[in-house]
Every structure is written in C-alpha cells, then in structure tokens.
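# predicted model follows, preceded by the sequence.
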Amino acid sequence: ELHIAAQYSRYDHAGDIFLTTETFWIVTKQDDHWGVKFRSSFGGDNDADEAAKTKAESAALRVLEQHIQARNSRDSDGLAAANNYPHVLLKGGSFQTWNTPEDYVIYEETDIIPELDYSDWNRSEWGVINVVQSGAFKVHLVAELRLFDVLNKKYETTKSFWVVTKVNEHWGIQGRSSFIKDTQ
C-alpha cells in the first residue's frame with residue numbers, strides 16, 4: 001500500500017491553468033495489479049484563506065482527540081459521534097463502509113470492543129500528528145497511534161491517514177487508512 005500527497009493543475013484549451021488543488025491518493029496492489037484504491041481532493045476548497053485553514057485544522061485535531069478519548073473509554077456512541085457518514089475504513093486492501101452512526105455502533109460493540117476486551121490492549125494515545133493538506137471544510141492528516149498494554153507498556157505503533165470533514169456544520173472523521181505497523 002502506498003499513500004501519495006500531491007498537487008495537480010487542470011488546464012483549459014489555451015493552456016492556461018484554471019484549477020490547482022491538493023489531493024491524496026492511496027494505491028494498493030491486489031492480485032499482482034497496482035491501482036488507485038482511494039483518493040480525496042480539495043477542488044477549490046484548499047484556496048481558503050489561512051485563517052479558515054487554521055480553524056479547520058484545529059477542528060480536525062479536536063475530532064481526533066474526541067476519537068481517542070472515546071476509544072479509551074470503549075464508548076461506541078462517542079466513536080460514532082466523532083465520524084461523518086458515510087464513514088470508510090481501508091484495512092488490508094478492503095473498504096469497510098458505515099452509512100449511519102447506528103451501523104457504526106453495532107460494528108464497535110460486536111467486533112471491536114470485544115476484541116479489545118480479550119486482548120492485552122489497555123489504552124491508546126496519539127504520537128506525532130501532521131496536517132498534510134487542508135481547506136476550509138476538509139483536512140488530511142497523518143497520525144501516529146501508540147497502543148499500550150495492561151501493564152502500560154507500548155506494544156504497537158501504527159501510522160494512519162485520516163480525512164476529517166465538515167458536513168452540515170459537524171466536523172467528523174470521514175475516512176481513514178492505516179499504512180505502517182511497527183510492533184515492538
């Protein structure tokens with residue numbers, strides 16, 4: 001799996017640029033074929049002024065903090081509230097999609113929370129979080145997530161790509177993809 005942050009421009013027939021925007025692509029290899037699995041572009045949104053981008057970045061960081069607090073509390077409703085829908089997760093080359101908060105709560109309560117309860121996982125915390133690209137209504141981030149066991153010893157670090165969006169005045173996680181796993 002490969003994550004690519006890029007900028008592209010579109011040109012009119014006269015050769016003049018009419019749009020330049022940032023974009024993020026996830027490329028995966030499946031059945032010996034490399035192809036684009038996911039992309040998220042800004043269009044004109046990343047032309048927002050710096051104040052709007054700073055405000056969006058702050059909101060996105062608050063959403064990630066809300067997510068980690070809910071994860072550590074095993075609060076499935078809190079995790080669902082930290083998302084925008086449809087919410088997508090790229091995991092192992094496959095997408096999982098939840099269309100409603102209720103669907104996401106069922107997933108958390110039937111799949112994730114029981115798995116965590118029977119593992120050595122105790123809590124998670126953010127390491128380095130970098131804003132890769134931002135606009136007024138969307139932020140792309142790369143975040144390091146550190147997992148700790150019941151003895152409070154770090155046992156895994158995962159780096160992930162997060163798309164946080166503002167939809168109907170709600171900032172939430174629209175999608176995410178883990179791409180580096182370092183087990184210690």
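Okay, I see it.
# show me the residue sitting in the middle of the protein in space.
In the chain, the residue lying closest to the centroid (Cα atoms, centre = their mean) is W162, at 1.7 Å.
# element containing that residue, please.
Assigned by DSSP states H and E, W162 belongs to strand 154-167.
# pLDDT score assigned to D182?
For D182, the pLDDT comes out at 43.
# wait, a helix at L79?
Yes: counting by DSSP: H, G, I helix; E, B strand; the rest coil, L79 is part of a helix.
# quick one, what contacts the closest residue to N152 other than its chain neighbours?
Using Cβ to Cβ, 6 or more residues apart in numbering and skipping the chain neighbours, the partner closest in space to N152 is N122 (6.7 Å). Every residue, glycine included, has its C-beta placed from N, CA and C. Applying Cβ atoms under 8 Å, 6 or more residues apart in numbering to N122 gives the contacts 148-152.
# phi, psi of N122?
Backbone torsions of N122, given as degrees, to the nearest 10, read phi -120, psi -40.
# pLDDT score assigned to it?
On pLDDT, N122 comes in at 93.
# same thing with E102?
Note on E102: pLDDT of 98.
# next, it: phi, psi?
E102 adopts backbone torsions of phi -60, psi -40, taken as degrees, to the nearest 10.
# mind checking how far it is from K153?
Using Cβ to Cβ, to the nearest Å, we find E102 at a distance of 36 Å from K153.
# and if you look at H67?
According to Cβ to Cβ, H67 stands 23 Å off from K153.
# same deal with H3?
Counting by Cβ to Cβ, the gap from H3 to K153 is 29 Å.
# next: K166.
Using Cβ to Cβ, K166 is found at 37 Å from K153.
# these two - which one has more neighbours?
K166 (21 against 11; other Cβ atoms under 10 Å).
# quick check, pLDDT for the closest residue to the more buried one other than its chain neighbours.
Distances taken as Cβ to Cβ, 6+ apart place F137 nearest to K166, at 4.5 Å, with adjacent residues excluded. Note for F137: predicted pLDDT of 93.
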